[in-house]
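Peer 1: Sequence isn't available, so here's the structure alone:
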C-alpha cells in the first residue's frame, strides 16, 4: 500500500512500479469524484455515482472505503481477490483510512509505505504544477496534508520523496525484500523437509 498527502508522489510511484515489475498489478479504486481530463475509466478509477457506490458498500463489495475531499473512494473486493489468486502482488494507491481498514483484515499480507514530501513548500509547488485542481482545491489539500502526515507512524516504511528515481529504487528494494520474508515463501517448508530427508 502506498499512501501520502496529495501531491507527494504516490500515484506516480505506483505507475512506475507497474512498468518496472511485471508481477505487480494495480488495484483500481471506485470513486464518486468527477473524472479528470487525463484519466481513463477502468484504468485510473472506476467512476460511479453516489447511489451506485453506496449500494456497493451495502452489498459488501468493497474491501475498504473512505470519504476524501467530499467524495467517496473504495477498493472493489472481487478484482483484488481474482488478482491475488493469480499469484500477483497488488499495489494500492490509497489514503491512511483505507490502509487502516485493509490492515485490520489482512495484516500479514500487506506492506505499507508512506511517502513524505521533502517540504511543505515543495508539496505546494507539485500540487500547483500538476494543474489538476483549482487554487481553492490546492489550498484545501495543503490544509489537510498536515493531518494526513500525522499517520506516518502507522506504516512499515516511510520514504522522503526527494527525487522520483531514488524513491523508486527504495520501493523496489522494499518489494524485493518483502517477497523474501519467510512467511511469504510458498513451498519453502516442503523444500526444507525434502532437504532434511535427503541428508538423513
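Peer 2: Yep, that arrived. If you're wondering where the values come from, they're calculated on a predicted model, not measured in any experiment.

Peer 1: what sits against the closest residue to residue 77 other than its chain neighbours?
Peer 2: Sequence neighbours aside, residue 63 is the residue nearest to residue 77 in space, at 4.8 Å (criterion: Cβ to Cβ, 6 or more residues apart in numbering). From N, CA and C alone the C-beta is placed, and that goes for glycine too. Going by Cβ atoms under 8 Å, 6 or more residues apart in numbering, residue 63 touches 74, 75, 76, 77, 80, 101, 102, 105.

Peer 1: Relative to residue 31, how far out is residue 63?
Peer 2: Applying Cβ to Cβ, to the nearest Å, the value for residue 63 to residue 31 is 14 Å.

Peer 1: cool, and residue 105?
Peer 2: For residue 105 relative to residue 31 (Cβ to Cβ), the value is 20 Å.

Peer 1: With neighbour numbers in mind, choose between these two.
Peer 2: With neighbours defined as other Cβ atoms under 10 Å, residue 105 and residue 31 compare such that residue 31 has more, 19 against 11.

Peer 1: number of nearby residues for the nearest residue to residue 182 once chain neighbours are set aside?
Peer 2: Once flanking residues are discounted, residue 182 sits nearest to residue 188: 7.1 Å by Cβ to Cβ, 6+ apart. Counted with other Cβ under 10 Å, residues neighbouring residue 188 total 11.

Peer 1: Paired strands for whatever helix or strand residue 114 lives in, with orientation please.
Peer 2: Taking DSSP states H and E as the criterion, the element that holds residue 114 is strand 113-116. For strand 113-116, the paired strands and their directions (DSSP bridges) are strand 2-3 (parallel), strand 157-160 (parallel).

Peer 1: Please identify the most buried of those strands.
Peer 2: Greatest average neighbour count among the strands paired with strand 113-116 goes to strand 2-3 (a mean of 24), per mean count of other Cβ atoms under 10 Å.
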